[in-house]
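Peer 1: Mind folding the following:
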Amino acid sequence: MPDVITTRREGAILEVTLNRPKANAIDNKTSRLMGDTFKAFRDQPELRVAIVKTAGDKFFCAGWDLKSVAATDEPGSNDYGIGGFGGLQELRGLNKPVIACVNGMAVGGGFELALSCDLIYTSDHSSFALPEIRAGVLADAASIKLPKRIPYHIAMELLLTGRWMDAAEAHRWGIVNEVLPKEKLEERVWEIARLLASGPPLVFAAIKETVRVAETLTFQDAMNRVSRRQLAAVETLSCSEDRLEGPRAFAEKRDPVWKGR
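Peer 2: Below is the predicted model:
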């Protein structure tokens, strides 16, 4: 049996692969493993970017493993682990870029797993759906996130009907960044990952924290917190060596060397 979660590292990039045939559905144990993996990524300073992908071509991820729930007869037992379902959507302090490499059907919690990432690249044969309505289950993360990211009525249609959305439509609504032929997908994802890995990690951390905090604030309240350096990542950036490296590199007509400190 293959490992359910495998990782591959190239420099500052960590690729995390879910491999749980036949549909890459996530049960509680798998979710806890994913949470531990992403926590380790979060806490290792030398790692700067993560890629989330799955094995196979048919399913990116079928979401919550309902068969596992039915077999254990524990509908209320949802010990998903440190990062919540799939290890990402409730993982606090994750201030590093995460890229979803979606190949195949992203269904229910699989769709939510992709939405937990900062960038989403998908193959042209992929599709997305939130069929929880048919199982009498709330698509909780999607209900919170989708109406803020795409037009309200489209989000509600997806949530209330459980209909399928192909990759082209997902791109049209801005849910995914790019749609590519399957054979080009991973190449493009790694190209973006390497670009981000060469960037300023403290700035990325400040961006992610600012975006996260600003989601619940008015514009002026968010600006006040940033300008007063009340956000930990912004404060770290302001007092860092990297804060001076950019201007120095520009003045010296060279590429900046980011140290993350």
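
Peer 1: Name the SS class of V137, please.
Peer 2: Of the three states, V137 takes coil under DSSP: H, G, I helix; E, B strand; the rest coil.

Peer 1: Regarding the nearest residue to C61 once chain neighbours are set aside, what is its secondary structure?
Peer 2: Spatial nearest neighbour of C61, excluding adjacent residues (Cβ to Cβ, 6 or more residues apart in numbering): G110 at 2.9 Å. The C-beta positions use only the backbone N, C-alpha and C, and glycine is treated the same way. Here G110 is helix, with the state taken from three-state DSSP.

Peer 1: Could you report the pLDDT at G110?
Peer 2: Listed pLDDT for G110 reads 96.

Peer 1: For it, list the residues it contacts.
Peer 2: Residues in contact with G110, defined by Cβ atoms under 8 Å, 6 or more residues apart in numbering, are 24, 26, 59-63.

Peer 1: Show me the shaky parts of the stretch 1-150 of the chain.
Peer 2: By pLDDT under 70, the weakly predicted segments of the stretch 1-150 of the chain are 1, 68-77.

Peer 1: Strands along that one, start to end?
Peer 2: For the stretch 1-150 of the chain, the strands defined by DSSP state E, counting those that start in this stretch occupy 5-10, 13-18, 49-54, 59-61, 98-102, 105-107, 119-123, 127-129.

Peer 1: could you dump these to CSV with mean neighbour count and distance to L196?
Peer 2: Output for the strands of the stretch 1-150 of the chain, formatted as CSV (neighbours: other Cβ atoms under 10 Å; distance: least, Cβ to Cβ, whole Å):
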stretch, mean neighbour count, distance to L196
strand 5-10, 13, 13
strand 13-18, 22, 8
strand 49-54, 25, 5
strand 59-61, 28, 21
strand 98-102, 26, 8
strand 105-107, 27, 22
strand 119-123, 24, 9
strand 127-129, 22, 24
